[in-house]
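Chemist: how would this look folded up:
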Amino acid sequence: RMPARDALQLLANERLVDLGPTKAVVRGLSVAELQELYEIREAIEPVLTRIAVPNVGRAEVTRMAMLIEEMEAGGPPAEWLENNAAFHALVYTCADRPQMIALTKNLRRQTDRYLYLHVGVFGDLEHLHHEHRQILEAVRAKDADGTAELTRLHLATSHEAILRFLIEQESWGDRT
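Modeler: From the prediction side, this is the model:
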């Protein structure tokens, strides 16, 4: 019982489930939550990226390229999400900003269930692969400002795609 309770508390802390006195309920997807999460990410991640890029070394760039290859090879959505998180973390962790990194990881975990829609449900990955390659090239060129802007755009395009999907689902639900 204790490990299950602890696991549920962790999920509640990450706002993935709502705990009641006798049950836990998985939180639904919400346009308002999606907007808030992505607005925070779009404010923080480009700054974190700008700080980090000058410190990114050859090893990180090589790992990023390998992760892009794995993402482009296909595979299950959960694996793609894991590789995506690792790709971006290779940059962020070079920023030496532990609080910003922890906040970013938390926000990314909360948005993964939304990003899963993008990857696993409507599967439009080509633009994500293209954006990852652009980010990699900017990192490789040590272009901190360019990488920050590409990161912001990357977040914005994902946000827009997921938002459109959720709004369409709401509209469809209203009609039935």
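Chemist: Every contact and neighbour count from this point should use C-alpha atoms.
Modeler: OK.
Chemist: Show me what the host helix or strand of residue 40 is in contact with.
Modeler: Using DSSP states H and E, residue 40 sits within helix 31-52. With Cα atoms under 8 Å, 6 or more residues apart in numbering as the test, helix 31-52 has contacts from 91-97, 100-101, 104, 107, 110-111, 114, 144-145, 147-149, 151-152, 155-156, 159, 163, 166-167.
Chemist: pLDDT below threshold where in this protein?
Modeler: In the predicted model of the chain, residues 1, 11-17, 27, 172-176 satisfy pLDDT under 70.
Chemist: The same query, at a cut-off of 90, please.
Modeler: Along the chain, the parts satisfying pLDDT under 90 run over 1-30, 74-75, 113, 116-125, 165, 168-176.
Chemist: Once you drop chain neighbours, what's closest to the residue nearest to the spatial centre of it?
Modeler: Central residue of the chain (Cα atoms, centre = their mean): residue 108, 4.2 Å from the mean position. Distances taken as Cα to Cα, 6 or more residues apart in numbering put residue 85 closest to residue 108, at 7.6 Å, once the chain neighbours are dropped.
Chemist: For that neighbour, give its distance to residue 94.
Modeler: Distance, residue 85 to residue 94, using Cα to Cα, to the nearest Å: 14 Å.
Chemist: between the two, who's got more neighbours?
Modeler: residue 94 (20 against 16; other Cα atoms under 10 Å).
Chemist: Return the residues in contact with the more buried one.
Modeler: By Cα under 8 Å, 6+ apart, residue 94 lies in contact with 52, 53, 55, 56.
Chemist: Looking at the chain, which helix is longest?
Modeler: As assigned by DSSP state H, the longest helix anywhere in the chain is helix 144-175.
Chemist: In PDB, list the C-alpha atoms belonging to the helix holding residue 40.
Modeler: Provided in PDB are the C-alpha atoms of helix 31-52 (Å, rounded to 0.1, in the frame of the first residue of the first chain):
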ATOM      1  CA  VAL A  31      -7.100  23.800 -23.200                       C
ATOM      2  CA  ALA A  32      -6.600  26.200 -20.300                       C
ATOM      3  CA  GLU A  33      -3.900  24.000 -18.700                       C
ATOM      4  CA  LEU A  34      -2.200  23.400 -22.100                       C
ATOM      5  CA  GLN A  35      -2.100  27.200 -22.700                       C
ATOM      6  CA  GLU A  36      -0.600  27.900 -19.200                       C
ATOM      7  CA  LEU A  37       2.000  25.200 -19.400                       C
ATOM      8  CA  TYR A  38       3.200  26.200 -22.800                       C
ATOM      9  CA  GLU A  39       3.200  29.900 -22.000                       C
ATOM     10  CA  ILE A  40       5.500  29.200 -19.000                       C
ATOM     11  CA  ARG A  41       7.700  26.900 -21.100                       C
ATOM     12  CA  GLU A  42       7.900  29.500 -23.900                       C
ATOM     13  CA  ALA A  43       9.000  32.100 -21.300                       C
ATOM     14  CA  ILE A  44      11.600  29.900 -19.600                       C
ATOM     15  CA  GLU A  45      13.100  27.400 -22.100                       C
ATOM     16  CA  PRO A  46      14.500  30.000 -24.600                       C
ATOM     17  CA  VAL A  47      16.200  31.800 -21.800                       C
ATOM     18  CA  LEU A  48      17.600  28.500 -20.400                       C
ATOM     19  CA  THR A  49      18.700  27.600 -24.000                       C
ATOM     20  CA  ARG A  50      20.400  31.000 -24.500                       C
ATOM     21  CA  ILE A  51      22.400  30.500 -21.300                       C
ATOM     22  CA  ALA A  52      23.300  26.900 -22.100                       C
END
